[in-house]
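Visitor: From the sequence below, what's the structure:
(4 chains)
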Protein chains: 2
Amino acid sequence: MDTWKKFDTNALTHSAAHHLFAIHELGAGYGGWARVSDIARQLGITRGSVSVSLRVLKARGLVTTDEHHMVRLSAQGQKIIENVAAKREAVRTFLREVLGLSVEQADADSCKIEHLISPQMAGRLVQFMKFLVSKESVKGDVLRQFRKFEGDCHGRSSCAVCQGNCLLAQLAKTEKVQEKKTLTDI
Amino acid sequence: MDTWKKFDTNALTHSAAHHLFAIHELGAGYGGWARVSDIARQLGITRGSVSVSLRVLKARGLVTTDEHHMVRLSAQGQKIIENVAAKREAVRTFLREVLGLSVEQADADSCKIEHLISPQMAGRLVQFMKFLVSKESVKGDVLRQFRKFEGDCHGRSSCAVCQGNCLLAQLAKTEKVQEKKTLTDI
DNA sequence: GGTTATTGTTTGACATGCCAAACAAACGCA
DNA sequence: TGCGTTTGTTTGGCATGTCAAACAATAACC
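Guide: Below you'll find the predicted structure:
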């Protein structure tokens, strides 16, 4: 139906999230204060773009400025970015420690989805990881076993995950298109 | 650095992915052919918007039209959408069957990230699920154990997942902001 | 003090993606 | 045949998010 249209009805756009992140990081050593120029440098965009974006973020009450053009997060902005940071950490850790992706790949993927995932998904993800390292989880053997796992359902319909249409085969198939057309991603 | 800017350098935007999906689904019963009106209805947008979007998708060689304005996916478009569909299924299944989210929540989350995740992440996710249902995974006990798991690290720095700054507590904390400010999501 | 950066803002431009409204062509039915 | 409906397109408008370029104000140096 219309589920897909809710894509951009999030509290934070990808851009806004990273503006707030930049202020958060840059301000860390300066009592929370950051400058437009540094934000721009950090994000790899122009000062003008930052200036415009900040106007919106100020209007939404997420950042404030003082008389010297210094920028900082509001209490609300602070809370929001801490939330996104928690989601980012949850996803990054999962991708690295559970799925075994490289640091670079984990960073790239988590960056794209960190601001989009629901509190429910993030919470369950964290809880799942806590379980995996807990005593209850078959003494932490799960991940070690997974590292050695080389299973392939070969398209068998008995596979509870793929049900005949092997997802791994499907993902591998279209990888070729990617190479041919030099798309950055599918 | 600039990792975050690659957000929109994907082969497919959220919008484009769902246009292709709509054509794919509508065409299923008609030899792959779909009409602009039906695509618009399916997506909940106007015919004009679809008309404009299709112009771009045609130029990129992802869809073709015949002399009666009928629309269908090109071979390339077909492959791309099958790939996204595989990613969607991987994520949806993981969110429902592993994390235990509701169908609605799983659909909402997977819809937002399906076109953004890397082939690597999708592949590992599928492989992980295959492992979880395999004989090697402690006889499939993992998920059953997880359902009963109620662990909480209480902010202990010994927690391998949270390391003192409990992610669950962090996520729960900002949930309140969400309620107060009636944001649709954080 | 004067010249030369550096900084933040404004402006016009472009791209994406949506809408509403106007329109012509084709269709349907009587 | 003719009238109303459906369909696809075009146009102008809005919002977001980027750039480059021009500008004023401040800072830094000699």
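
Visitor: Which neighbouring elements make contact with the longest helix anywhere in chain A?
Guide: For chain A, the helix with the greatest residue count under DSSP state H is helix A:75-93. When contacts are defined as 3 or more CB pairs under 8 Å, 6 or more residues apart in numbering or on different chains; DSSP states H and E, helix A:75-93 packs onto helix A:14-27, helix A:103-113, helix A:119-132, helix B:167-181. All C-beta spots, glycine's among them, are computed from the backbone N, C-alpha and C.

Visitor: Indicate whether the second one makes contact with DNA strand D.
Guide: No. Under the criterion of CB under 7 Å from any atom of the strand, helix A:103-113 makes no contact with DNA strand D; the nearest approach is 12.9 Å.

Visitor: List the buried residues of that helix.
Guide: Residues of helix A:103-113 classed as buried: A:105, A:106, A:107, A:108, A:109, A:110, A:111, A:112, A:113 (neighbour count, 16 or more other CB atoms under 10 Å in any protein chain shown).

Visitor: who's in contact with the residue sitting nearest the centre point of chain A?
Guide: With distances taken as CA atoms, centre = their mean, the residue of chain A nearest its centroid is residue A:114 (2.5 Å). Residue A:114 is in contact with A:17, A:84, A:87, A:88, A:91, counting by CB atoms under 8 Å, 6 or more residues apart in numbering or on different chains.

Visitor: which parts of chain A sit against DNA strand C?
Guide: A:35-38, A:47-48, A:50-52, A:54-55, A:65, A:69-70.

Visitor: now, which of the residues you listed lie within helices?
Guide: Going by DSSP H, the helices hold A:36, A:37, A:38, A:47, A:48, A:50, A:51, A:52, A:54, A:55 from the residues of chain A next to DNA strand C.

Visitor: Pretty sure residue A:39 is one of the things residue A:25 touches, is it not?
Guide: No. Residue A:25 is beyond contact range of residue A:39, at 9.6 Å (criterion: CB atoms under 8 Å).

Visitor: so who does the nearest residue to residue A:134 once chain neighbours are set aside touch?
Guide: Nearest residue to residue A:134 in three dimensions, chain neighbours excluded: residue B:151, at 5.2 Å (CB to CB, 6 or more residues apart in numbering or on different chains). Residue B:151 makes contacts with A:127, A:130, A:131, A:134, A:136, as judged by CB under 8 Å, 6+ apart.

Visitor: just residue A:109 next, same as before
Guide: Residue A:109 neighbours (CB under 8 Å, 6+ apart): A:91, A:95, A:101, B:116, B:117, B:118, B:120, B:121.

Visitor: what does residue A:71 give?
Guide: Counting by CB under 8 Å, 6+ apart, residue A:71 makes contact with A:23, A:33, A:34, A:35, A:36, A:39, A:54, A:63, A:64, A:65.

Visitor: Can you flag the buried ones in those?
Guide: A:23, A:33, A:34, A:35, A:36, A:39, A:54, A:63.
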